[in-house]
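# Predicted model, plus sequence, below.
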Amino acid sequence: MRRLRSERGGVYLEALIALAILALALIPILTTLIVTPASQRDAGERMAALNLARAQLETLKLYPPDDWDGLDTTETVGGVEYSIDVGPKEETGVEGLYTARVTVSWSGGSVSLTTQIAGGP
């Protein structure tokens with residue numbers, strides 16, 4: 001059986017429409033595959049920074065407030081370098097209670113934690 005020219009053009013048009021639909025269906029899937037690893041890496045870096053900040057706040061409890069200024073440091077976790085900065089002590093208005101601030105910075109951002117710590121007079 002012989003096909004007419006218009007029928008052959010219809011097959012190409014159907015194939016083109018099918019490819020367009022397939023491409024539209026694949027875009028969200030490919031986007032997810034590309035974005036997910038980057039998001040996981042960023043979340044891991046932020047979690048490591050939070051853990052370093054918490055550990056540094058715990059370390060501050062071991063020292064009198066006058067010695068906090070010398071506790072700035074740099075640590076590497078998972079190949080990422082983190083700079084840990086202990087803010088200056090701030091008095092809270094309550095005798096013996098100080099506000100402690102720790103900021104952890106890395107190339108992808110920074111995290112800052114603040115708490116109040118009882119120190120010597």
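Good, I have the coordinates.
# quick one, phi/psi of residue 79?
Torsion angles at residue 79 (phi, psi; degrees, to the nearest 10) stand at phi 80, psi 0.
# Tell me if I'm right that residue 88 and residue 69 touch.
Yes. Counting by C-beta atoms under 8 Å, residue 88 does reach residue 69; the two are 6.8 Å apart. From N, CA and C alone the C-beta is placed, and that goes for glycine too.
# What about residue 111, how many residues nearby?
Other residues near residue 111 come to 20 when the count uses other C-beta atoms under 10 Å.
# Tell me which residues are up against the helix-or-strand element of the chain with minimal mean pLDDT.
Ranking every helix and strand in the chain by mean pLDDT, DSSP states H and E puts strand 90-91 at the bottom, with a mean of 83. With contacts defined as C-beta atoms under 8 Å, 6 or more residues apart in numbering, strand 90-91 is touched by 97, 98, 99, 101.
# so how far is it off the chain centroid?
Put simply, strand 90-91 sits 30 Å off its chain's centre (C-alpha atoms, centre = their mean, to the nearest Å).
# Pairing partners for whichever helix or strand comes after it, with directions?
With elements assigned by DSSP states H and E, the helix or strand that comes after strand 90-91 is strand 97-106. Sheet pairing of strand 97-106 (DSSP bridges) gives strand 80-86 (antiparallel), strand 90-91 (antiparallel), strand 109-118 (antiparallel).
# For strand 97-106, C-alpha coordinates in CSV please.
Written as CSV, here are the backbone C-alpha positions of strand 97-106 (Å, rounded to 0.1, in the frame of the first residue of the first chain):
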residue,chain,number,x,y,z
LEU,A,97,26.7,36.5,83.3
TYR,A,98,28.2,37.2,79.9
THR,A,99,27.0,36.9,76.3
ALA,A,100,29.2,34.7,74.2
ARG,A,101,29.1,34.8,70.4
VAL,A,102,30.9,32.3,68.1
THR,A,103,30.9,32.9,64.3
VAL,A,104,32.1,30.1,62.0
SER,A,105,32.9,31.2,58.4
TRP,A,106,33.8,29.2,55.3
